[in-house]
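Colleague: Sharing a model that was predicted from the sequence below.
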Amino acid sequence: MILVTGATGKVGGHVLTRLREAGHQVRALSRDPDRADLPADVEVIAGSPAQVDSSAAALAGVDAAFVCLVGDVETQARGFAEAVRRVGGVRRLVLLSSSAVLHPVRHRIGDEHRAAEELIGAVAPHATLLRPGPFHTNSLWWAKSIREQGRVRCLVGNNPGAPLDPDDLAAVVVAALTSAEHARQRYELTGPEVLTSAEQVRTIAEVTGRELDFEVAAPAEVVAMFASITGDRPAAVTNVAALHSAQVPWGRTTDTIQRLLGRQPRTFRDWAAENAHLFK
């Protein structure tokens, strides 16, 4: 039995599908099982990683667990780590972290994922830590304005990044869940090419046959926007500073996916062409 948290998310959904296709028994931890609408052959436990009791119930009897934390990452990691301790450990554990932990500019996102790595590592020192950068699917943040206005106002700057297909990441997750050779490894994962935000928008324009305008929102404007949503201005300041920094750690490619999967990761253009309808 393999536990998947975040089973309806952009990564967890692919992990769930790949595990089921490979014939594995899957259990999911879901905040809202009814809305999750998972396949009938998936055992569903109601709860979240932050809830020790429900996480412990979900972990009982599993051989491996995929941990994907969203929202208050540190709080969720603390609860899940306590659940791992309560059940006496898990043979294989894969934590979806972030390359934000490698950023030289200290910021809230990186700090939370760093804390999660430490909390999970304390109870599962054999855990596999996955540190992806941005995903191809992040460009869906722009889909509404592209469809309705033919423009993108980018909130994360125009720094280079090597975006990754979530399904490529899911393939790595499944490999780590089903083989002991990935224990204690820390993998930095990227796509095959470095692109700025403007270059991603240009690619979307080409595959959709549309002319698109691109501009970068001023950092001060983005800070004000995030602070108004979260009520946490200090976190907004540090996160925006990191995103707009020229030192982003995801601004280069790695060969991790090719080494682990024996193939090149999927390009942004291929993903955009397949999903062009979402931008029309």
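Modeller: Here it is on my side, so go on.
Colleague: which non-adjacent residue is nearest R106?
Modeller: Leaving aside its chain neighbours, R106 sits nearest to T238 (6.6 Å; criterion: C-beta to C-beta, 6 or more residues apart in numbering). The way it works is simple: take the backbone N, C-alpha and C, and place the C-beta from them, glycine included.
Colleague: Also S48?
Modeller: R31 (5.1 Å).
Colleague: Kindly give the local confidence score, pLDDT, for the one you found.
Modeller: Note on R31: pLDDT of 89.
Colleague: For it, grab the count of nearby residues.
Modeller: A count of nearby residues for R31, using other C-beta atoms under 10 Å, gives 16.
Colleague: so who does it touch?
Modeller: 46-48 (C-beta atoms under 8 Å, 6 or more residues apart in numbering).
Colleague: If we use 10 Å, what do you get?
Modeller: 5-6, 8, 46-51, 54 (C-beta atoms under 10 Å, 6 or more residues apart in numbering).
Colleague: can you map out the strands along this protein?
Modeller: With DSSP state E as the criterion, the chain has strands at 2-5, 26-30, 43-46, 64-68, 92-96, 128-132, 151-154, 186-189, 213-216.
Colleague: out of those, nearest to R114?
Modeller: With C-beta to C-beta as the criterion, R114 lies closest to strand 128-132 of these, at 10.5 Å.
Colleague: returning to what we had before: my read is that the residue nearest to R106 contacts R108, right?
Modeller: Yes: in terms of C-beta atoms under 10 Å, T238 counts as a neighbour of R108; the distance is 5.4 Å.
Colleague: Common neighbours of the two, please.
Modeller: D232.
Colleague: For S228, find the nearest of the strands of the chain.
Modeller: strand 151-154 (16.3 Å).
Colleague: Now do the buried residues in the closest one.
Modeller: Within strand 151-154, the residues that qualify as buried are 152, 154, counting by 16 or more other C-beta atoms under 10 Å.
Colleague: just how off-centre is that strand within its chain?
Modeller: 22 Å (C-alpha atoms, centre = their mean, to the nearest Å).
Colleague: Next: stretch 147-158.
Modeller: With C-alpha atoms, centre = their mean, you get 21 Å for stretch 147-158.
Colleague: got it, and stretch 97-116?
Modeller: Taking C-alpha atoms, centre = their mean, one finds the center of stretch 97-116 at 13 Å from the center of the full chain.
Colleague: ok, now stretch 204-222?
Modeller: Mean-position distance between stretch 204-222 and its chain equals 23 Å (C-alpha atoms, centre = their mean).
Colleague: Thank you kindly, that will do.
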